[in-house]
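*Asks:* Sequence plus the predicted model coming up.
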Amino acid sequence: MSGRGAEGGGPTVVVREARPADADAVAAFTRDTWGERHEDYIPRVFPDWAASDDSDRGTFVATLPPEAAEAGNLDGREAGDTHVAGDGDGVADAGDPEAVVGCIQGVLLSEWEAWGQGIRVDPAARGHGVGTALSEAALDWARERGATVCRNMVFSWNVMGLGQSRAVGFEPETEFRFAEPEPDPDALDGDGGAPTDYGALDDPDPDAAWAFWSDSDARDRLRGLALDPDESWACSQLTRERLAAAAAEDRLIAVADADTDAFAGFAVRTRVTEREVDGETTRTATYGVAAWRDVDAAGALFDAIAADAAAADADGARALIPETVEHVSDAAANRVSVAAEPDFVMCADLTGGK
């Protein structure tokens with residue numbers, strides 16, 4: 001599909017479409033991606049990614065000759081754990097061995113927005129231009145489908161990933177953090193909760209939410225982005241239509257001034273996910289964005305989120321908020337936990353061609 005040699009010569013990386021047969025190879029170099037920080041999700045989702053590509057989703061792997069893929073430190077892994085039989089589209093002829101040394105997925109979120117995710121490079125194959133080849137393949141895929149931008153998300157502490165994104169044309173767009181209110185069925189009862197001058201709305205008007213969002217500092221700081229409703233951990237433009245859909249499905253949470261009914265903040269429940277941890281299933285309610293007027297409105301909104309998460313039978317909740325001193329301290333002032341580190345969203349302009 002595409003190729004790129006290492007600096008100063010050397011074998012050329014060839015990127016091809018992923019296959020289900022690549023899953024074990026990808027798992028071999030992604031099991032310990034983040035060390036003790038947290039588990040990498042790629043081994044869990046890659047088999048589904050490789051088996052479910054369509055016109056709006058493309059998963060790719062980078063391949064190298066086996067000897068080049070093991071030139072670096074295997075760090076205790078078995079030699080050959082990334083080898084697969086070639087099919088002629090990668091670096092090897094059909095039936096010959098090749099090493100899978102990287103992966104990436106591109107997703108079309110709307111007619112003009114693409115998302116790049118899951119880029120991983122085998123540490124034993126670094127120095128061959130693998131990350132650049134994968135990124136260029138995903139950007140080309142997005143251009144071919146009419147996208148004018150492609151975004152990605154990088155942990156703020158992942159300096160290598162940030163540098164790689166900048167090197168292939170991504171520019172900083174926004175940053176956010178997750179506020180983490182505890183689900184509480186009694187959060188709206190008024191006992192030690194938010195100030196009584198704000199209250200939760202029973203039937204929020206999505207047009208009022210859109211008007212509030214359009215003129216909010218949160219929208220400016222987030223560049224209009226919120227978590228995408230269909231793709232986990234992807235960000236896309238929050239639209240009026242999405243707010244209307246959320247209201248129709250009882251996923252729009254809002255608060256207003258108790259005296260004037262003036263809109264004072266809202267959040268959108270994007271999804272509730274289940275995950276098994278230590279043999280127990282935990283449910284997490286995720287709110288794709290939260291925006292509010294002031295610190296007291298923030299308290300009322302977080303109470304409303306806590307009550308909504310409890311009603312969804314969630315064990316935990318998280319709401320995307322802008323990474324600003326004001327927004328983070330508003331959450332902290334209301335004794336709402338906030339994630340220790342922000343996440344960065346970056347954006348590549350695809351309108352200028354390759």
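*Replies:* Received it, and whenever you're ready, just let me know what you need.
*Asks:* what bits of the stretch 251-354 of the chain have low per-residue confidence?
*Replies:* Within the stretch 251-354 of the chain, the set of residues satisfying pLDDT under 70 comprises 353-354.
*Asks:* shouldn't Asp230 be in contact with Leu109?
*Replies:* Yes - with contact defined as C-beta atoms under 8 Å, Asp230 counts as touching Leu109 (7.4 Å). Backbone N, C-alpha and C define where each C-beta goes, glycine included.
*Asks:* Compare those two (neighbour count), which wins?
*Replies:* Counted by other C-beta atoms under 10 Å, Asp230 and Leu109 do not tie: Leu109 has more neighbours, with 21 against 13.
*Asks:* is it true that the more buried one touches Asp228?
*Replies:* Yes - in terms of C-beta under 8 Å, Leu109 counts as a neighbour of Asp228; the distance is 5.4 Å.
*Asks:* joint contacts of these two?
*Replies:* Common neighbours of Leu109 and Asp228 (criterion: C-beta atoms under 8 Å, 6 or more residues apart in numbering): 115, 234, 236.
*Asks:* taking the mean pLDDT, what do you get for the host helix or strand of Ala137?
*Replies:* Ala137 is part of helix 130-144, with elements assigned from DSSP states H and E. Per-residue pLDDT values over helix 130-144 give a mean of 96.
*Asks:* Among the shared contacts of Leu109 and Asp228, which lie within strands?
*Replies:* Among the shared contacts of Leu109 and Asp228, the ones falling in strands (DSSP state E) are 115, 236.
*Asks:* In the shared contacts of Leu109 and Asp228, which residue is surrounded by the most others?
*Replies:* In terms of neighbours by other C-beta under 10 Å, the shared contacts of Leu109 and Asp228 top out with Trp115 at 26 neighbours.
*Asks:* Check the secondary structure at Leu188 for me.
*Replies:* Following DSSP: H, G, I helix; E, B strand; the rest coil, the label given to Leu188 is coil.
*Asks:* so what's it up against?
*Replies:* By C-beta under 8 Å, 6+ apart, the residues touching Leu188 are 200, 303-304, 307.
*Asks:* what's the span of stretch 108-117, first residue to last?
*Replies:* Stretch 108-117 stretches 11 Å from its first residue to its last (C-alpha to C-alpha, to the nearest Å).
*Asks:* ok, now stretch 61-80?
*Replies:* Span of stretch 61-80 from end to end, C-alpha to C-alpha: 16 Å.
*Asks:* same question, stretch 93-102
*Replies:* End-to-end distance for stretch 93-102, by C-alpha to C-alpha: 19 Å.
*Asks:* Span of stretch 82-90 from start to end?
*Replies:* Stretch 82-90 end-to-end distance (C-alpha to C-alpha) = 14 Å.
*Asks:* I meant to write stretch 97-116 there.
*Replies:* Where stretch 97-116 begins and where it ends lie 28 Å apart, using C-alpha to C-alpha.
*Asks:* How about stretch 228-238?
*Replies:* 8 Å.
*Asks:* buried residues in it?
*Replies:* 228-229, 231, 234-238 (16 or more other C-beta atoms under 10 Å).
*Asks:* in the stretch 251-354 of the chain, which spans are strands?
*Replies:* Chain-ordered strands for the stretch 251-354 of the chain, with DSSP state E, counting those that start in this stretch as the definition, fall at 252-257, 263-277, 280-292, 316-322, 337-338, 343-349.
*Asks:* The longest one vs strand 316-322, what angle?
*Replies:* Angular relation of strand 263-277 and strand 316-322 on a 0 to 180 degree scale: 130 degrees, by axes from the mean of the first three to the mean of the last three C-alpha atoms, to 10 degrees.
*Asks:* Which positions within strand 263-277 qualify as buried?
*Replies:* 263-271.
*Asks:* can you list the residues you listed in a markdown table and add distance to Ala138?
*Replies:* Converted to a markdown table, the buried residues of strand 263-277 look like this (distance: C-beta to C-beta, whole Å):
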| residue | distance to Ala138 |
| --- | --- |
| Phe263 | 39 |
| Ala264 | 40 |
| Gly265 | 36 |
| Phe266 | 33 |
| Ala267 | 31 |
| Val268 | 28 |
| Arg269 | 30 |
| Thr270 | 24 |
| Arg271 | 24 |
